[in-house]
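Enquirer: what would the 3D arrangement of this be:
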Amino acid sequence: MVRSRNDKTKAMSLFRLAQDGIPTLLPFIHGRRVEIKQEDAILLLTEENPHIHKLTAEAREQLKPLEEGSIVMVYEPDMSNPDAVHCKMVFVGWRGKVTVRSFVPKNDRRHFLLLCGVDVEVRQTKRRQLALEREAKGQTANEEAEEGAGQEDEEEGTGEDVAMATRSDDETLATTETSDTVEEGTSAIDSDAQSSIKE
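Expert: Residues are numbered from 1 along each chain as shown. Predicted coordinates:
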């Protein structure tokens, strides 16, 4: 039995099944076995933690009584449907509180998706494009933030210049008024001196 230790969950089981060797164990697993359809398989292999309500009604009904822990998902081919995958697929996963996740290695995941008719290269290209767009948006947001900060600094600098100019004008005015007062006092003293001389 291939098991992988899992200490990051509060589920009853501290171990989870690994994909390696699961075909050998499958005949002995009954209680935590979920029959899925092709669309369920594609969803579980393309999304990281899809919500349970995204699965088909049949899969949801099978998951409902199960507690958190490892599950085995089995796709049985529908031979009556010519467009369906005509081979059996088995992969392990984890049933969470409201989500379900597949634990399939990258190469096996790619293989299953190709069997389901999913163009893996196109999906990877779209992912790269989305990642580049997110990076571009992030850079644009950072540039706008920097420009906004620069404008605020300029506005603060302009405000300081205006305040300094206003203080300078006030000081000049006060100096002028003081000079006028001194000149008036001097003129008064000169007048008094001249009056004393005449007397």
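Enquirer: going by residue numbers, what spans are helices in the protein?
Expert: Along the chain, the stretches classed as helices by DSSP state H are 22-25, 38-46, 57-63, 106-115, 120-198.
Enquirer: now the third one: buried residues?
Expert: Neighbour counts over helix 57-63 (16 or more other CB atoms under 10 Å) mark Ala59, Gln62, Leu63 as buried. C-beta here means a position set from N, CA and C on the backbone, and glycine is covered the same way.
Enquirer: render the CA-only coordinates of it in PDB, please.
Expert: Presented in PDB, the C-alpha positions along helix 57-63 are these (Å, rounded to 0.1, in the frame of the first residue of the first chain):
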ATOM      1  CA  ALA A  57     -25.000  15.600  -9.700                       C
ATOM      2  CA  GLU A  58     -24.000  12.000  -9.600                       C
ATOM      3  CA  ALA A  59     -20.600  12.800  -8.300                       C
ATOM      4  CA  ARG A  60     -22.000  15.200  -5.700                       C
ATOM      5  CA  GLU A  61     -24.300  12.600  -4.300                       C
ATOM      6  CA  GLN A  62     -21.500  10.100  -3.900                       C
ATOM      7  CA  LEU A  63     -19.300  12.700  -2.100                       C
END
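Enquirer: what does that helix contact?
Expert: By CB atoms under 8 Å, 6 or more residues apart in numbering, the residues outside helix 57-63 that reach it are Val34, Glu35, Ile36, Lys37, Asp40, Ile52, His53, Leu55, Ile71, Arg95, Val100.
Enquirer: ramachandran angles for Gly96?
Expert: phi -90, psi -160 (degrees, to the nearest 10).
Enquirer: output the buried residues of helix 57-63 in a markdown table; the columns should cover pLDDT and distance to Thr46.
Expert: A markdown table is the format used below for the buried residues of helix 57-63 (pLDDT from 0 to 100; distance: CB to CB, whole Å):
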| residue | pLDDT | distance to Thr46 |
| --- | --- | --- |
| Ala59 | 95 | 15 |
| Gln62 | 95 | 21 |
| Leu63 | 94 | 18 |
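Enquirer: now tell me which of the helices of the chain the model trusts least on average.
Expert: When the helices of the chain are compared by mean pLDDT, helix 120-198 comes last with a mean of 59.
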